[in-house]
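**Student:** Return a 3D structure for these sequence lines:
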Amino acid sequence: MTDSRSYAARGDALYRAGDYANALVAYREALAVNVSLIECWHKYVDCLSRTGRQREAADARRMAAQIEAWPAQVLSAHDDLAEGNIDRAESTIRAFLQQHGIHVEGMRVMALVAARRDVLEVAEELLAQVLRRAPEHIAARGEYVTVLNRLQRFADAVPHAQQLLRDRPDWRPYRQLYAETLTGLNRYREVVDIHRSLLADASHPSPHYLAMGHAHRGLGLVDQAVADYGQAIAGRPAYGEAWWSLANLKVHRFTPQQQRALRLALDATGLEDADRIGLHFAYAKCLEDERRFDESLEHYTRGNALKARRAPYLPDVIDRIVAESRELFRPEFFAERAGWGQADDSPIFIVGLPRSGSTLVEQVLASHPAVDGTMELPQINHLIQAVCSAARPGQGLRPYPSALAALDSGTTAKLGGLYLEKTRLFRTGRPRFTDKMGENFLHLGFIRLILPHARIIDVRRDPMACCFSNYKQLFAAGNFSYDFKSLAHFYTRYVSLTRHWDSVLPGGLYRLDYEQLVGNFEHEVRRLLDYLQLPFDESCLSFHDSAHRAHTASSEQVRRPINSDGLDQWRQFREGLEPLRRHLRQEAQAAGVEDLLRTSLSR
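**Tutor:** Numbers count the residues shown, from 1 in each chain. Presented below is the predicted three-dimensional model:
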């Protein structure tokens, strides 16, 4: 039984028992997932009336009438989308729009299909059309804000989020959505204020304390973040995300009391996978701090195994992109397109795997008076998505990277200009700026095409150290780090592809070895600034005092002076990591890069 119908069935049971207050909650949960449940709407309205909430009942009755008036195909597509039948929903709504033309609710469903498929630029355009035709459509405006947030167009989202608050001032989800928008703009103090106000009548306060903890961490107020995470756990003892957030501060050590509480939470039965995953990672970090390395590795492995089930890695997709990039991006490809794109040298792309030292490099550069440090910007990926999108999402995507061959000079210049325009929000006006989206190493051909004068820094770390550091990190998104074979595959394809970029873009990448940076810091910083054609500045050596706030898992670590604490942590797990070493050797051979990895893997 699906979630929406599970909630509806629970509501029906409570309704029959005369427990209208709790039936109301269950029906609300059902309709939050699936608005097409007409019978559920009628009972929801009745529960509101029976519990004395007449104004809300009148609003819900109007909404139910509007939904009931939708064409059958639109209702069916909404239902399929809510229940996870995306292909069927798209087929139904595409056929409906082809037959009926412009239809506000049909366009909205198509936008939701595009958003579910992560074709966000298409979703944004469709929802914008919906709001131009029906500016009073509150649900569509909420979905529009959500899509804008996912596109990291937070400044564009703000007026729409504020309009939602004017339309529905008492509706908690829209206040939380506004807080998410402000988080994207680093307006953390306002985020704290919103969640503090939501605590006043919250039946489940823990998520609000968690959000406040994240905001206080963003402000650099680590002690307050610790207290917030503790409050989140106090209200929900098996809250996996809160436990992991506490562990992920890196500088926090669990007290004996917290260790016992964490172990007790992990031993509980009936946990959701998401909670159990967070608990395993948090307990693994706790055991690592206690130098119980074998037990620690066991819990990292159990947490990763659960995560891998939810987000499987697809090596064939990476292999295809690497192979097709090698085929398409040859020296003559770039020679034929010399002078294309935007002649702007302000972007500095920092690429490489997570946990490779890229946050340190960003913090060093952001300490320079000529460089704005931003964050992991998704704009390159969004532009590629727009290039590969057909006119309608139902027609599918053109394959990447081969779709880039059809671009002309004017289009590449326009795309380069769009990148600069869309990233301006994250800058403060300094001449240069960083983009630390590490997986842009997959897209350096596209970057060179639209921004031929951009500088690119490839931050590389020892394969064993880098892969194990990823294995220990519970990422909010991503899927290559949850088992040793996937890690080895992704790392070696990264090395293979960057070798190709070296061959077709001579001097186009600056390779920065993380171990050398830590071991000979000032020398490597001077060399890096020379490559960027920036004068040396002493503030780069005291990067930990910079006002720039990092936003990744390393955010607390880069607030300390340079140190070698983490270089060899993997060696403490050495025996348990032999399978990782073996997979790295095998995948290096398969990728043809065994010569580049042989020295480090023999250490």
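
**Student:** Not counting residues beside it along the chain, what's closest to residue 596?
**Tutor:** Closest residue to residue 596 apart from its sequence neighbours, by C-beta to C-beta, 6 or more residues apart in numbering: residue 495 at 5.6 Å. All C-beta atoms are positioned from the backbone trio N, CA, C, and that covers glycine.

**Student:** Can you tell me how far that neighbour is from residue 356?
**Tutor:** Distance, residue 495 to residue 356, by C-beta to C-beta, to the nearest Å: 12 Å.

**Student:** shared neighbours, those two?
**Tutor:** Taking C-beta atoms under 8 Å, 6 or more residues apart in numbering as the criterion, residue 495 and residue 356 both touch residue 460.

**Student:** With neighbour numbers in mind, choose between these two.
**Tutor:** With neighbours defined as other C-beta atoms under 10 Å, residue 495 and residue 356 compare such that residue 356 has more, 25 against 21.

**Student:** ok, the residue nearest to residue 596 touching residue 591?
**Tutor:** Yes - at 7.0 Å, residue 495 and residue 591 qualify as touching, with contact defined as C-beta atoms under 8 Å.

**Student:** circling back to that earlier point, now do the same contact list for the residue nearest to residue 596.
**Tutor:** Contacts of residue 495 (C-beta under 8 Å, 6+ apart): 460, 588, 591, 593, 596-597.

**Student:** in what helix or strand does it lie?
**Tutor:** Using DSSP states H and E, residue 495 maps to helix 484-504.

**Student:** buried set for that helix?
**Tutor:** 484-501, 504 (16 or more other C-beta atoms under 10 Å).

**Student:** ditto for stretch 417-432
**Tutor:** 418-420, 422-423, 425-427, 432.

**Student:** What's the first helix or strand after the helix or strand encompassing residue 334?
**Tutor:** If you go by DSSP H and E, residue 334 is part of helix 331-336. Downstream of helix 331-336, the next assigned helix or strand under DSSP H and E is strand 347-351.

**Student:** Quick one: distance of stretch 499-509 to the chain centre.
**Tutor:** 29 Å (C-alpha atoms, centre = their mean, to the nearest Å).

**Student:** Can you list the neighbours in contact with it?
**Tutor:** With C-beta under 8 Å, 6+ apart as the criterion, stretch 499-509 contacts 322, 325-326, 329-331, 333-334, 441, 444-445, 448, 456-458, 498, 593, 596.

**Student:** Of the residues you listed, keep whichever come out buried.
**Tutor:** Buried among the contacts of stretch 499-509 (16+ other C-beta under 10 Å): 322, 325-326, 329, 333-334, 441, 444-445, 448, 456-458, 498, 593, 596.

**Student:** In space, what's closest to residue 416 - neighbours in sequence excluded?
**Tutor:** Nearest non-adjacent residue to residue 416, counting by C-beta to C-beta, 6+ apart: residue 342, 3.0 Å away.

**Student:** need the contact list for that neighbour.
**Tutor:** 413, 416-417, 419-420, 450-451.

**Student:** can we see that at 6 Å?
**Tutor:** Residues in contact with residue 342 (C-beta atoms under 6 Å, 6 or more residues apart in numbering) are 413, 416-417, 451.

**Student:** out of those residues, which one sits closest to residue 27?
**Tutor:** Residue 27 has its nearest neighbour among these in residue 417, at 49.0 Å by C-beta to C-beta.

**Student:** ok, and that closest one, which helix or strand is that part of?
**Tutor:** Using DSSP H and E, residue 417 sits in helix 409-423.

**Student:** what pLDDT, on average, does that helix get?
**Tutor:** Helix 409-423 comes out with an average pLDDT of 95.

**Student:** which strands and helices sit next to the next helix or strand after it?
**Tutor:** Next along the chain after helix 409-423, taking DSSP H and E as the criterion, comes strand 432-435. Where contact means 3 or more C-beta pairs under 6 Å, 6 or more residues apart in numbering; DSSP states H and E, strand 432-435 is packed against strand 347-351.

**Student:** Mind checking what helix or strand follows the strand it packs on in sequence?
**Tutor:** Moving toward the C-terminus from strand 347-351, the next element (DSSP H and E) is helix 358-366.

**Student:** Just the C-alpha atoms of that following helix, please, in PDB.
**Tutor:** The C-alpha coordinates for helix 358-366 follow below in PDB (Å, rounded to 0.1, in the frame of the first residue of the first chain):
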ATOM      1  CA  SER A 358      38.900  21.400  -2.400                       C
ATOM      2  CA  THR A 359      37.300  23.200   0.600                       C
ATOM      3  CA  LEU A 360      40.800  24.100   1.800                       C
ATOM      4  CA  VAL A 361      41.700  25.400  -1.600                       C
ATOM      5  CA  GLU A 362      38.500  27.400  -1.800                       C
ATOM      6  CA  GLN A 363      39.100  28.900   1.600                       C
ATOM      7  CA  VAL A 364      42.700  29.900   0.700                       C
ATOM      8  CA  LEU A 365      41.500  31.600  -2.500                       C
ATOM      9  CA  ALA A 366      38.500  33.300  -0.800                       C
END
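
**Student:** quick one: the helix or strand just after that helix to chain centroid distance?
**Tutor:** Next in sequence after helix 358-366, counting helices and strands by DSSP H and E, comes strand 371-372. Strand 371-372 has its C-alpha centroid displaced from the chain centroid by 23 Å (C-alpha atoms, centre = their mean).

**Student:** Check stretch 520-533 too.
**Tutor:** For stretch 520-533, the distance to the chain centre is 31 Å (C-alpha atoms, centre = their mean).

**Student:** swap in stretch 77-90?
**Tutor:** Relative to its chain's centre, stretch 77-90 lies at 24 Å (C-alpha atoms, centre = their mean).

**Student:** helix/strand/coil for residue 322?
**Tutor:** The three-state label given to residue 322 by DSSP: H, G, I helix; E, B strand; the rest coil is helix.

**Student:** Was I right to think it contacts residue 497?
**Tutor:** Yes - with contact defined as C-beta atoms under 6 Å, residue 322 reaches residue 497; the gap is 5.1 Å.

**Student:** so what pLDDT did residue 2 get?
**Tutor:** pLDDT at residue 2 comes out at 52.

**Student:** Tell me which residue is most central in this protein.
**Tutor:** residue 477 (5.1 Å; C-alpha atoms, centre = their mean).

**Student:** what about that residue, helix or strand, and which?
**Tutor:** Per DSSP H and E, there is no helix or strand for residue 477.

**Student:** For residue 439, see how far away it is.
**Tutor:** Distance, residue 477 to residue 439, using C-beta to C-beta: 11 Å.

**Student:** Just give the nearest non-adjacent residue to residue 217, would you?
**Tutor:** What sits nearest to residue 217 in space, not counting adjacent residues and going by C-beta to C-beta, 6+ apart, is residue 225, at 4.2 Å.

**Student:** Go ahead and confirm that neighbour touches residue 216.
**Tutor:** Yes - Residue 225 lies in contact with residue 216 (C-beta under 6 Å); the separation is 4.2 Å.
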